[in-house]
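J.: have a look; sequence and predicted model below, questions after that.
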Amino acid sequence: MADPLVALASGLSTVLLFLLLIALTVYLLWKKRQSQRQYQQLISTKPSIPPCTPVLQTSHGSYGLADVPFFLPPRFKSSSHGEESEGREDEEQWEHQQHLHTQRGSLTIGSWFPLGNLRPDLYRLPEETSEWADPGGSSVRLCFAVLYHQDKEQLVVSLLRAANLPAPYQSNTTLVKLQLLPPDDRRHRQAKARCKSSQLQFNDSFVFQVSNNSVGQYTLSMSVYSVDRLKKHHTLGRVLFPLRPSELREAAGKVLWRDLETECDQPLSEHGDIQVSLNYNQSLQRLTVVVLRARGLQSSSNTGVCVQVSLQIHTQVVKMKWTSVARGSEPTFNEKLTFRLHPRQLDATCLSLELQQPATEEPAECRQTTSITAPRSLGIVVIGPFMYARGRELEHWNEMVNKTQELVRQWHGLGAANTIQSSS
């Protein structure tokens, strides 16, 4: 009796579960049909926009309609007589509102600049003026501009171009070092050419802070160097521009061309010149002086001369060395002299090079022994930091300190021995 009841109960539960599943399936299908019907209604809905109302689409953070100067530009129309007059009125209205022409974006595109076209006049480079053009000739020259602002006490130097670079240096990197002479520190400005050719482009500007009272005492120096693959600097020449008030007034608002001055172009001094190479190795604490040659001396060609090199720290001469005697109107020495110098003493040290004519006829004897046989001084030059030197001598010393990997060579004018000693 119990078995038929169990079978009947299990059958009824199975039928109820089957009916429940069918009802759930039907409900899900109905729900899906309702959602699809609502989505189709949203797609088919079209916004009603008046035909003459302009629509302005803005992004987040942009201005509203009342803040943006909006003007509906004239459109391309067919060539009917009735519409031509209307288009002409639109163009006149566009011309009267000139302030809208400078607005950026596509809202101000007129009928003469249709959407999708470019304006070539916005991308055309200005034509080269006659002042920028190379004045001609074969000498190496620099193109620059100088302007002094008295209210700010600033000297603005714009280095623009270089022309007629020699062929052996056209594949090298060209540098221009700008400095005020006499320099009061070791800092200088440097420009690098943007290309490698005979016609170089710089387009760099530099600012020097110079007071109104002292600007006339300085001279702008622009030295041109060619750097080869071995990082060796070859001096091509330099341009000197005195900062006198008359020169600054004449140069204001103009582009200047100046030829480079080379060593051969530099005038001889009254007592002659001497060529010296300097190098300082900080790791070895060694100062190297190479005396190369001299020219323009006030002595006969058959008289022997030598060079006395003195190392002075503060006011004390700590070491003196001599070269051998050389003869001729332009004697050549090519002798290297070395001195031991600590890096801490570099700013308090100077070199004194004195050209002497020995009293004896011995070719190798040039040292001063007694007052009777004292050699005759032909000229002297002092090379050192700001404490001892100015001008080219100071520039040579600073360049030696900055370029530790090479010998820095330069010509120096000789002065009278008594004048140098009294000034120092």
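T.: Cool, the structure landed. Numbering: from 1, shown residues only.
J.: where does the residue nearest to residue 416 when sequence neighbours are not counted land in three-state SS?
T.: Sequence neighbours aside, residue 271 is the residue nearest to residue 416 in space, at 6.4 Å (criterion: CB to CB, 6 or more residues apart in numbering). Where C-beta positions appear, they are placed from N, C-alpha and C, glycine not excepted. In three-state terms, and counting by DSSP: H, G, I helix; E, B strand; the rest coil, residue 271 is coil.
J.: just checking, residue 271 touches residue 381?
T.: No: using CB atoms under 8 Å, residue 271 is not in contact with residue 381; the gap is 9.3 Å.
J.: give me the common contacts of the two.
T.: 413, 414, 415 (CB atoms under 8 Å, 6 or more residues apart in numbering).
J.: how about the residues you listed in TSV, adding distance to residue 325?
T.: Shown next, in TSV, are those (distance: CB to CB, whole Å):
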residue	distance to residue 325
413	22
414	17
415	22
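J.: how many neighbours does the residue nearest to residue 416 have?
T.: 21 (other CB atoms under 10 Å).
J.: likewise residue 414?
T.: 25.
J.: can you tell me which residues contact it?
T.: Residue 414 neighbours (CB under 8 Å, 6+ apart): 269, 271, 272, 273, 274, 355, 378, 379, 380, 381.
J.: lowest-confidence entry in those?
T.: Scanning the contacts of residue 414 for pLDDT, the low point is residue 269. It has 71.
J.: what's the nearest residue to it if we skip its chain neighbours?
T.: residue 413 is the one closest to residue 269 (CB to CB, 6+ apart), at 3.1 Å.
J.: residue boundaries of the helices in this structure?
T.: Secondary structure of the chain (DSSP state H): helices located at 2-44, 81-96, 245-251, 391-402, 417-423.
J.: show me which of the contacts of residue 414 is closest to residue 335.
T.: Set against residue 335, the nearest of the contacts of residue 414 by CB to CB is residue 274 (12.4 Å).
J.: gap between that closest one and residue 19?
T.: From residue 274 across to residue 19, the span is 121 Å (CB to CB, to the nearest Å).
J.: ok, now residue 9?
T.: 16 Å.
J.: also residue 142?
T.: Residue 142 is 101 Å from residue 19, by CB to CB.
J.: which one of these two is surrounded by more residues?
T.: A direct count of neighbours by other CB under 10 Å for residue 142 and residue 19 places residue 142 higher, at 23 against 10.
J.: isn't the more buried one up against residue 162?
T.: Yes: in terms of CB under 8 Å, residue 142 counts as a neighbour of residue 162; the distance is 5.5 Å.
J.: quick one: common contacting residues for these two?
T.: Here residue 142 and residue 162 have 176, 224 as joint contacts, going by CB under 8 Å, 6+ apart.
J.: how about low-confidence regions in this structure?
T.: The chain contains residues with pLDDT under 70 at 1-2, 41-137, 183-186, 263-268, 300-302, 360-373, 418-424.
J.: apart from its neighbours in sequence, what residue is nearest residue 258?
T.: Residue 258 sits nearest to residue 239 (CB to CB, 6+ apart), 4.5 Å away.
J.: how much space between the nearest residue to residue 143 once chain neighbours are set aside and residue 378?
T.: Nearest non-adjacent residue to residue 143, counting by CB to CB, 6+ apart: residue 161, 4.0 Å away. Separation of residue 161 from residue 378 (CB to CB): 43 Å.
J.: which one of the two has more residues nearby?
T.: Legend: neighbour count by other CB under 10 Å for residue 161 and residue 378, higher for residue 378 (23 against 19).
J.: strands of the stretch 151-300 of the chain, residue ranges please.
T.: Assigned by DSSP state E, counting those that start in this stretch, the stretch 151-300 of the chain shows strands spanning 154-163, 173-181, 189-192, 200-209, 219-227, 233-242, 256-259, 273-281, 286-295.
J.: out of those, flag the one nearest residue 38.
T.: Residue 38 lies closest to strand 200-209 among the strands of the stretch 151-300 of the chain, at 65.1 Å (CB to CB).
J.: that closest one to strand 154-163, inter-axis angle?
T.: Angle, strand 200-209 to strand 154-163, by axes from the mean of the first three to the mean of the last three CA atoms, to 10 degrees: 170 degrees.
J.: each with direction, which strands does strand 200-209 pair with?
T.: Listed by DSSP bridges, the sheet partners of strand 200-209 and their directions read strand 154-163 (antiparallel).
J.: now the partner strand against strand 219-227, angle please.
T.: Interaxial angle, strand 154-163 versus strand 219-227 (the same axes, to 10 degrees): 40 degrees.
J.: quick one: strand 154-163 to strand 173-181, angle?
T.: Using the same axes, to 10 degrees: strand 154-163 against strand 173-181 is 150 degrees.
J.: may I see the buried residues of strand 154-163?
T.: 155, 157, 158, 159, 160, 161, 162, 163 (16 or more other CB atoms under 10 Å).
J.: list the residues that contact the fourth one.
T.: The contact partners of residue 159, by CB under 8 Å, 6+ apart, come to 142, 144, 176, 178, 191, 202, 203, 204, 205, 206, 222.
J.: against residue 144, how distant is it?
T.: On the measure of CB to CB, residue 159 and residue 144 end up 5 Å apart.
J.: which residues do these two both contact?
T.: Common neighbours of residue 159 and residue 144, using CB under 8 Å, 6+ apart, are residue 222.
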